[in-house]
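Colleague: got a predicted structure plus its sequence, pasted below:
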Amino acid sequence: MIVALLRALLSLLIVGTAIVMGALFTIQNTSPVPLDLLIVQFSERAAALWFLLFFATGCVTGLLGGLVVSLRQRARYSRLRRQHTKLELEVDRLRRFGLSESD
């Protein structure tokens, strides 16, 4: 219970700090900057908006990449668990027929 409370407080502290830092960054970087991506040109917006937009895009991309890895690991774990269960059943059947590990 105490660990969960500490984890929640630490998470709240980190999120709060990120929000305050983002707000300060936005206040300090208000100069308009055009964005040219070779093919597409965007109108002038605050530099902080572009930076925060790219930061958010990077975060989402990283989370999606981590999700893909996590899903692959879960699928592999499930496959290995099924294989383990199947092999345990086979060992039990072999033991019932009188074969031991030393044979």
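Modeller: Now that the structure is in, tell me what you want to look at.
Colleague: every contact and neighbour count from this point should use C-alpha atoms.
Modeller: OK.
Colleague: which regions of the chain sit below the pLDDT cut-off?
Modeller: Under the criterion pLDDT under 70, the flagged ranges of the chain are 99-103.
Colleague: where do the helices sit along it?
Modeller: Assigned by DSSP state H, the helices in the chain fall at 2-28, 47-96.
Colleague: rebuild those as TSV, extending it with mean neighbour count and distance to Leu35.
Modeller: Output for the helices of the chain, formatted as TSV (neighbours: other CA atoms under 10 Å; distance: least, CA to CA, whole Å):
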stretch	mean neighbour count	distance to Leu35
helix 2-28	12	17
helix 47-96	12	8
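Colleague: to Pro34, which of those lies closest?
Modeller: With respect to Pro34, and counting by CA to CA, the nearest of the helices of the chain is helix 47-96 at 8.5 Å.
Colleague: still on that earlier bit, among the helices of the chain, which comes closest to Asp36?
Modeller: Across those, closest to Asp36 is helix 47-96 (CA to CA), at 11.5 Å.
Colleague: the closest one - contacts with which helices or strands?
Modeller: helix 2-28 (3 or more CA pairs under 8 Å, 6 or more residues apart in numbering; DSSP states H and E).
Colleague: helices or strands next to the helix it packs on in the packing?
Modeller: For helix 2-28, the packing partners by 3+ CA pairs under 8 Å, 6+ apart are helix 47-96.
Colleague: run the chain-centre distance for the helix it packs on.
Modeller: Taking CA atoms, centre = their mean, to the nearest Å, one finds helix 47-96 lying 10 Å from the centre of the chain it belongs to.
Colleague: angle of that helix against helix 2-28?
Modeller: 150 degrees (axes from the mean of the first three to the mean of the last three CA atoms, to 10 degrees).
Colleague: re the thing from before, Throw the helices of the chain into JSON lines and include distance to Asp36, thanks.
Modeller: Output for these, formatted as JSON lines (distance: least, CA to CA, whole Å):
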{"stretch": "helix 2-28", "distance to Asp36": "21"}
{"stretch": "helix 47-96", "distance to Asp36": "11"}
